[in-house]
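Student: The sequence isn't on hand, but the structure is:
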């Protein structure tokens, strides 16, 4: 019996169209737009100005505050502008536009492919290097990694969990990384263990990626302490709290952090970035992005420089299919549909998914038949139907006891609702409003 | 048979009396004293329970009014001055005068002026759309047109016009309770002074983008050119973050800015039609319809200014 | 690209279930029992069902169009399902005008007066059935027998046993009239759809496979009935019926699997379902053993329907992270 999380969950069709496509390197675009805020927390402070020459890996914006991350140039070239540029959601954000000239990297970066598994740095030195490299959680949450690794005093990390679940349909970026970069990934996992001063690490992988499970189990044999854990396929297993529950059977209480049950969770992409940052001095300026959709003749996994316009990824894969009705930044369950295809790839872009008109359109909603399916699939044990109704009636003060703030926005409720009620749309509003109420009390 | 009947009736009566006695003592024991004036004041309030005063309902407001030493910030926008005066005289306190206000929609990006750049297909709620993204046009500031204000209004006074996709306020019905102002996630609705004869001049745009960007997104946007600021003889217009704002307490309704605005972002409402040539005599028709059109705008403003001064 | 992209909040995919698919699955699950009913009762059964379904749909259409002034939604099949369930709870020989009255009460009072689909506190088909049972007791309790045995004609097994026990006959003597095989297959008198336990259970398996309902409510109800009546039977097997007999007769399975699980009128979480199921089981046996009616599950379900809002208010699903509360 494979392990999985205990409460709720759904089984969407996994549609991993691009799982067989090896990672290709996307040719450099003519210019990149690098936003100063690609992470959760305070936007970084831009330190370059128009006309500056930069190389790939040069720092262009520094972290401002504890929860923030450095931003590096992903290309070599001249800074064209530092101004407000519209992001994928059409909201203007401060960005650095760089015209690409050649491909010169910062001298400190080791560009060889040679594996450097041994790491003799102390925990503090590793975390500092990770912070300098501007690494954030690459599964999509984009929480600065060094913050997650800095265990607050009085708490103790007992184990590291590496998230190789990739439970979102369509996405295969992590899957390909596990297959193609296994030695580097495992070296990265060991570095993370060292940073946390723990000796156990679990790599959770869903059972629909058998090849990755087998490959990593083989490779991990030489790393004592690292265990590959095959998991039953169930969405949203990639949720941090769900993954901890699935692997070690501990449930993070409401309002608490994973560290409170002794766990730290990192994505496989993050582990690879950590390896490159610590052993190769390479800051986070490129990442693997899945470009997929039913109407692409060949969906691909691309290694892309941060700041590359999304449109040029689509162009490389044969252009946006005629039938496209919606382009999603991320997976179909939690990704955000974008309105501006010229927007850049950021540190948290795990996939670009084109859906045709038929898939894209929502069905009109009908009356709630109180079937309780939303209650039974909610992985947090909430009552989505109730939060939805109370949110529409703006009863936010009364809503607090129903804990909409626990919602992880996985979308299982909306996915499963036979009446096609957009439950999550309204729960998200409730979550925000209740957060405001809680904050105003403090 | 008769005996049974009698017995039943007597039992039921006894039960009834017993229950009455118990209820009487319970009511005595748990009696909560409540100022009877609260009921009276509640009766004088409009009873719409709209929350425009900041209290959950009229009873909350009545309670606060009875307890308050002076009315200070307590004001019922729905009932207006008359209601407040009546309550004040009933409670023997001084009422606070407030200028009657009306909700004003500060966006003129109708469908023909502000082209759509994408199609929104989420829950029909502005809050949901606003928390998701910039909106279905290139303007990330303007009206989303999904009607949260319409839902929030208890007085049926604001409606989305299906042609323009923008909300329109019914001045007759609007009580300036402010529910729509709170409901709008883009804060495009503002409560402004009703003005003499309901005449108002305001900038119908909240776009703070640079001129070029704003203009590209919407033909009716304020582009922050500043012409109106220079034109205004009273210094009522300020320009901040590429957006002009007319301070209604300073504005004298001269309408010079309206003519000057290159995009037509400044709106005038309830003014009589302008004469063809500004210098020409008003046509008899206008005089007949609105006699005060004879007055020069400055005079109107002046008169109004005096009025506000005396009130203060 | 000229075409405008669609923007909507996540999730962007849907499980493809819909209200109408769920409702039609329940209708499919009821078909085996319908076939058995036609086999035993013949054409009558078909006519009563057809009249009930058609009149329910007609009343739904008329009321939503002319009284509520909203778009009629016959395509969700909920009215058809109500009609089918109502028919399953009626004697096959019932005059058709009574069937039409039942449909009017079920849809008009049971469902539409509360605002239509999703708003009704009581199961509409049961409201219709109980209304008819109280208004036309003779019509509603005269059944055609599937057998030619004189002693049994015109009474359901439970009614027959109840009468006999009242007149002082020991149960062991009466049980000779019945065989569990007949009760299971449907060779007994009773309401149109309730007779064959096997066919109804077949439909239950289909509903479970299609994930239309979960096992909770039916198992809680039947389990409670089994335990409660089993306890009584152990105390005195000559006065109280044995638990298998209780479950196989009197529409217990039809009620537990198809009526009590009605989405709208059942609780929203597993703990609530436990209270609800146990409540129905206990009340059913109470009515059967000490009440005036021989069956009783309809009343039990309606009574517990009334409690559902309270159950929903005070029970909540197990929340994540509440396992080890310190």
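Tutor: Ah, there it is. This is a predicted model, so every value here is computed, not measured.

Student: from the chain's centre, how far out does the least confident helix or strand in chain C by mean pLDDT sit?
Tutor: Lowest on mean pLDDT, DSSP states H and E among the helices and strands of chain C sits helix C:171-174, with a mean of 77. With CA atoms, centre = their mean, to the nearest Å as the basis, helix C:171-174 stands 29 Å off its chain's centre.

Student: With stretch A:199-217 instead?
Tutor: 18 Å.

Student: ditto for stretch A:427-442
Tutor: That offset, for stretch A:427-442, works out to 24 Å (CA atoms, centre = their mean).

Student: How about the contacts made by residue C:88?
Tutor: The contact partners of residue C:88, taken as CB atoms under 8 Å, 6 or more residues apart in numbering or on different chains, are C:30, C:33, C:34, C:37, C:49, C:191, C:192, C:193, C:194, C:254, C:258. C-beta here means a position set from N, CA and C on the backbone, and glycine is covered the same way.

Student: Now do the buried residues in stretch B:215-230.
Tutor: By 16 or more other CB atoms under 10 Å in any protein chain shown, the buried positions in stretch B:215-230 come out as B:215, B:217-225, B:227-229.

Student: Ends of it, what's the gap?
Tutor: 20 Å (CA to CA, to the nearest Å).

Student: returning to what we had before: helices or strands next to the least confident helix or strand of chain C in the packing?
Tutor: helix C:157-166 (3 or more CB pairs under 8 Å, 6 or more residues apart in numbering or on different chains; DSSP states H and E).

Student: thinking again about what came up before, as CSV, the contacts of residue C:88 with neighbour count, pLDDT and distance to residue C:159 would be great.
Tutor: Conversion of these to CSV gives the following (neighbours: other CB atoms under 10 Å in any protein chain shown; pLDDT from 0 to 100; distance: CB to CB, whole Å):
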residue, neighbour count, pLDDT, distance to residue C:159
C:30, 26, 95, 24
C:33, 27, 93, 20
C:34, 21, 93, 23
C:37, 29, 90, 19
C:49, 24, 95, 23
C:191, 23, 86, 12
C:192, 30, 87, 16
C:193, 27, 87, 17
C:194, 25, 87, 13
C:254, 27, 93, 16
C:258, 29, 94, 22
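
Student: Of those, just say which sits nearest to chain A.
Tutor: residue C:258 (14.6 Å; CB to the nearest CB).

Student: Show the contacting residues for the residue nearest to residue B:98 when sequence neighbours are not counted.
Tutor: In space, residue B:98 comes closest to residue B:75 once its chain neighbours are excluded; the distance is 5.5 Å by CB to CB, 6 or more residues apart in numbering or on different chains. Neighbour list for residue B:75: B:53, B:84, B:96, B:98 [criterion: CB under 8 Å, 6+ apart].

Student: how close does the first one get to residue B:80?
Tutor: With the distance defined as CB to CB, to the nearest Å, residue B:53 ends up 12 Å from residue B:80.

Student: Between those two, which has more neighbouring residues?
Tutor: A count of neighbours by other CB atoms under 10 Å in any protein chain shown puts residue B:53 above the other of residue B:53 and residue B:80, at 23 against 16.

Student: What strand or helix carries the closest residue in space to that one that isn't next to it in sequence?
Tutor: Computed as CB to CB, 6+ apart, the closest residue to residue B:53 that is not its neighbour in sequence is residue B:61, at 4.7 Å. Counting by DSSP states H and E, the element that carries residue B:61 is helix B:58-67.

Student: what's the following helix or strand after that helix?
Tutor: helix B:80-91.

Student: who touches the following helix or strand past that following helix?
Tutor: Sequence order places strand B:101-105 as the next helix or strand after helix B:80-91, per DSSP H and E. Where contact means CB under 8 Å, 6+ apart, the residues beyond strand B:101-105 that reach it are B:77, B:143, B:157-158, B:166-169, B:171, B:174, B:176, B:178, B:180-181, B:188-194, B:198, B:200, B:202, B:204.

Student: Okay, now the sheet partners of strand B:101-105, with direction.
Tutor: When pairing is defined by DSSP bridges, strand B:101-105 lines up against strand B:189-193 (antiparallel).

Student: Please list the residues of the stretch 1-150 of chain A that sit near chain B.
Tutor: A:86, A:89, A:90, A:91, A:92 (CB under 8 Å from any CB of the partner chain).

Student: Skipping its backbone neighbours, what lies nearest the fourth one in space?
Tutor: In this structure, residue A:91 finds its nearest non-sequential neighbour in residue B:134, 4.9 Å apart by CB to CB, 6+ apart.

Student: The one you found touches residue A:89, doesn't it?
Tutor: Yes. Between residue B:134 and residue A:89 there is a contact under CB atoms under 8 Å: 6.0 Å.

Student: which one's the longest helix in the chain?
Tutor: Since you didn't name a chain, this refers to chain A. helix A:423-441 (DSSP state H).

Student: hm, I was asking about chain C
Tutor: Max-length helix for chain C by DSSP H is helix C:19-41.

Student: State the next helix or strand along the chain beyond that helix.
Tutor: helix C:43-62.

Student: got the contact list for that next one?
Tutor: C:34, C:37-38, C:72, C:74, C:79-80, C:82-84, C:86-88, C:90, C:92-94, C:96, C:99-100, C:102-104, C:106-108, C:111-112, C:144, C:192.

Student: what do you get for stretch A:107-120?
Tutor: A:56-57, A:105, A:126, A:183-184, A:187, A:190-191, A:194, A:278-282.

Student: Narrow those residues to those in helices?
Tutor: A:126, A:183, A:184, A:187, A:190, A:191, A:194, A:278, A:279, A:280.

Student: Filter the contacts of stretch A:107-120 down to the buried ones.
Tutor: Applying 16+ other CB under 10 Å to the contacts of stretch A:107-120 flags A:56-57, A:105, A:126, A:184, A:187, A:190-191, A:194, A:278-282 as buried.

Student: Can you give me the separation between the residue nearest to residue A:163 when sequence neighbours are not counted and residue A:236?
Tutor: Excluding the flanking residues, the one nearest residue A:163 by CB to CB, 6+ apart is residue A:267, at 4.8 Å. Per CB to CB, residue A:267 is found 14 Å from residue A:236.

Student: Does residue A:60 lie in a helix or a strand, and which?
Tutor: strand A:59-62.

Student: For the next helix or strand after that strand, which strands pair with it and how are they oriented?
Tutor: Where DSSP H and E defines the elements, the next helix or strand beyond strand A:59-62 is strand A:71-72. Next to strand A:71-72 in the sheet, as set by DSSP bridges, lie strand A:59-62 (antiparallel).

Student: So which residues on the stretch 101-250 of chain B come close to chain C?
Tutor: So far as CB under 8 Å from any CB goes, the stretch 101-250 of chain B lies against chain C at B:116, B:117, B:118, B:119, B:120, B:121, B:122, B:123, B:128, B:132, B:133, B:136.
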